[in-house]
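J.: coords please:
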Amino acid sequence: MTIYFEAPDEYDGAAPAVFLAGGITGCPDWQAEAHRLLGDLPIAVLNPRREDFPIHDPSAAPAQIEWEYRHLRHAYAVLFWFPDSGDVTQPIALYELGAHATAGKPLAVGCDPNYVRRGDVLHQLALARPDITVRDNLADTCKDVRALLAAAGGYGPPSPSSGRRPPIVVLCGSTRFYDAFQEANYRLTMGGEIVLSVGFYPNPLAEHGHGEGVGHDSAEKVALDELHKRKIDLADRVYVLNVGGYIGESTRSEIAYAEMAGKPISYLEAVSDNEHVAGDLHVPHRQ
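T.: Purely as a prediction, here's the structure:
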């Protein structure tokens, strides 16, 4: 059975995820049907369509776009469906399709025969991704999602024969949280991800750390912080271990660096607006 996540809930699990991209505003709730059609698979379904979007909250649209940005990149595959929406062109979905088609993301794409920009989708994808067949119904588009997952070596972590590199995740957080680092390392490794972590635990508050026997001066601390940023460069995503909501100065610097590099970031515990290091992003609610 699928596990289902709807914006703004965060997904940072190891199960392969499928993002439901396509029209929302002025469009029928096709996402519910897609979820039903994929409901027997052991995957995560990520749905940006919210049952009750707070349209009058000025912070809601930026938060929605940031959620979609993170989860589109976390997903293994993206299902694009462009329903018949009259004169509504679904511009954000078109933008997302262009961005991820040129990035080589595994995509399943479908357009209702009456979608107003169907011709554009057909011609642009024929140039950018001739490997993709644009379907004219949602059921066949969902079948393409199944084929993408099966070709990757099944519905779990990539197999050695799949030719697909396992995703790389880097852990960030205070070295006082030794147990949290070990638990996350074990869970993500067993889920099929390559885990990059800290080299040792110099914080004296770490119960099983190295603080009492291994010291380092301020210059070494700076060098270690820079080394961890190189790990962020290598990673596909960042997982912040903000135990009890704690995010220290070094971790904040790593979060800011990861955001500038466009890395998807998820957190062990939910973060408030004043905890999350995010750039200013002012965009309208997606269509």
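
J.: all contacts plus neighbour counts: C-alpha atoms, from now on.
T.: Will do.

J.: now the strands: where do they sit in this protein?
T.: With strands called from DSSP state E, the chain shows them at 3-6, 17-22, 44-47, 77-82, 107-111, 168-172, 194-196, 237-240, 265-267.

J.: as a markdown table, those strands with distance to residue 71, mean pLDDT and mean neighbour count would be great.
T.: Converted to a markdown table, the strands of the chain look like this (distance: least, Cα to Cα, whole Å; pLDDT from 0 to 100; neighbours: other Cα atoms under 10 Å):
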| stretch | distance to residue 71 | mean pLDDT | mean neighbour count |
| --- | --- | --- | --- |
| strand 3-6 | 10 | 93 | 16 |
| strand 17-22 | 7 | 96 | 26 |
| strand 44-47 | 7 | 96 | 25 |
| strand 77-82 | 10 | 96 | 25 |
| strand 107-111 | 14 | 96 | 25 |
| strand 168-172 | 14 | 91 | 23 |
| strand 194-196 | 19 | 92 | 19 |
| strand 237-240 | 11 | 86 | 22 |
| strand 265-267 | 9 | 79 | 20 |
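
J.: dump the ones you listed to JSON lines, plus distance to residue 131.
T.: Converted to JSON lines, the strands of the chain look like this (distance: least, Cα to Cα, whole Å):
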{"stretch": "strand 3-6", "distance to residue 131": "29"}
{"stretch": "strand 17-22", "distance to residue 131": "19"}
{"stretch": "strand 44-47", "distance to residue 131": "24"}
{"stretch": "strand 77-82", "distance to residue 131": "15"}
{"stretch": "strand 107-111", "distance to residue 131": "10"}
{"stretch": "strand 168-172", "distance to residue 131": "26"}
{"stretch": "strand 194-196", "distance to residue 131": "29"}
{"stretch": "strand 237-240", "distance to residue 131": "27"}
{"stretch": "strand 265-267", "distance to residue 131": "30"}
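
J.: nearest to residue 122, of the ones you listed?
T.: strand 107-111 (8.9 Å; Cα to Cα).

J.: show residues contacting that closest one.
T.: 77-84, 101, 118, 132-138, 141-142, 144-145, 148 (Cα atoms under 8 Å, 6 or more residues apart in numbering).

J.: same check on stretch 143-150?
T.: Here stretch 143-150 has contacts from 77-79, 106-108, 155, using Cα under 8 Å, 6+ apart.

J.: closest to residue 31 out of those?
T.: Checking the contacts of stretch 143-150 against residue 31 with Cα to Cα, the nearest one is residue 79 at 9.9 Å.

J.: all helices for this structure, in order.
T.: Using DSSP state H, the helices of the chain run over 30-37, 60-74, 91-102, 118-128, 138-151, 178-190, 218-234, 249-260.

J.: buried residues in the fifth one?
T.: Applying a neighbour-count criterion of 16 or more other Cα atoms under 10 Å, one finds 138, 140-142, 144-146, 148-149 buried in helix 138-151.

J.: the fourth one now?
T.: Residues of helix 118-128 classed as buried: 118, 121-122, 125 (neighbour count, 16+ other Cα under 10 Å).

J.: counting by contacts, list what the lowest-mean-pLDDT helix or strand in the chain packs against.
T.: Sorting the helices and strands of the chain by mean pLDDT, DSSP states H and E puts strand 265-267 at the bottom, at a mean of 79. When contacts are defined as 3 or more Cα pairs under 8 Å, 6 or more residues apart in numbering; DSSP states H and E, strand 265-267 packs onto strand 237-240, helix 249-260.

J.: if we go to 7 Å?
T.: strand 237-240 (3 or more Cα pairs under 7 Å, 6 or more residues apart in numbering; DSSP states H and E).

J.: neighbouring strands - and their directions - for the strand it packs on?
T.: Sheet pairing for strand 237-240, assigned by DSSP bridges, gives strand 168-172 (parallel), strand 265-267 (parallel).

J.: format those as a markdown table; extra columns: distance to residue 50.
T.: What follows is these, written out as a markdown table (distance: least, Cα to Cα, whole Å):
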| stretch | distance to residue 50 |
| --- | --- |
| strand 168-172 | 28 |
| strand 265-267 | 20 |
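
J.: for residue 7, find the nearest of the ones you listed.
T.: With Cα to Cα as the yardstick, what comes closest out of the strands paired with strand 237-240 is strand 265-267 (13.7 Å).

J.: other residues contacting that closest one?
T.: Strand 265-267 is contacted from outside by 12, 70, 237-242, using Cα atoms under 7 Å, 6 or more residues apart in numbering.

J.: tell me the two of those that are most distant?
T.: Largest pairwise distance in the contacts of strand 265-267, by Cα to Cα, is 17.9 Å, between 70 and 242.
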